[in-house]
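Undergrad: Task: produce atomic coordinates for the following.
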Amino acid sequence: MSINVEYINPFVEGATNIIKNTCNVDVALGKPYLKASPFASNTVAIILGVTGDIKGQVIFNMPIESAKAIASKMMMGMPVTELDEMSKSAISELTNMILGTTATIFYNKGIKIDITPPSLLLGESMQITTNKIENVSIPLEITEIGAKFEIDMALAENVE
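TA: Model (predicted):
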């Protein structure tokens, strides 16, 4: 199955709006590309499920240093030297807010989706597999804090 390209922009819009409002920084968009499955994670992966008119999963994938920089920005510049429970919670909540905003954008287009709570995975040499659904990756960069991450989307229309 392949992803409908019209599904990409709501994720980009949701991510850039929430990051700008939450962290007070601009986000640069890289060129979306197809990512073969399985793929390696960059140490931190936050996975959220999507159900409704569209089904699948969205994975926010980032190096640990990017996660710490984003968490620091979310916590008003408080230094984050390790991903403790508070900083993991901040990163997870950021992804939850991004997908909540994205769900609202879809709803306004007549597409109803629900999202599952985020699950944060932390580790090295992780491999993530998205079965039977093409994975589109959207690279994003917050140059002000040197943070890079990707939104990996494996989504398909829910045909019943």
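Undergrad: Identify the residues contacting the longest helix anywhere in the chain?
TA: Ranked by residue count, the top helix of the chain under DSSP state H comes out as helix 85-108. For helix 85-108, contacts defined as Cβ atoms under 8 Å, 6 or more residues apart in numbering pick out 10-11, 13-15, 17-19, 22, 44, 46, 48, 50, 53-54, 58, 60, 67-68, 70-72, 74-75, 80, 83, 112-115, 117-118, 120, 122. Any C-beta I mention is one placed from the backbone N, CA and C, and that applies to glycine too.
Undergrad: pLDDT averaged over that helix - what is it?
TA: Predicted confidence along helix 85-108 averages 94 (mean pLDDT).
Undergrad: Could I get the buried residue list for the helix or strand following it?
TA: On the C-terminal side of helix 85-108, the closest following helix or strand by DSSP states H and E is strand 113-115. The neighbour-count criterion (16 or more other Cβ atoms under 10 Å) identifies 113, 115 as the buried residues of strand 113-115.
Undergrad: again with stretch 47-56
TA: Buried, per 16+ other Cβ under 10 Å, within stretch 47-56: 47-48, 50, 53-56.
Undergrad: Between all of those, which two are at the greatest distance?
TA: Across the buried residues of stretch 47-56, the longest distance by Cβ to Cβ is 20.0 Å; it joins 47 and 53.
Undergrad: quick one, phi/psi of residue 8?
TA: The phi/psi pair for residue 8 (degrees, to the nearest 10) reads phi -80, psi -50.
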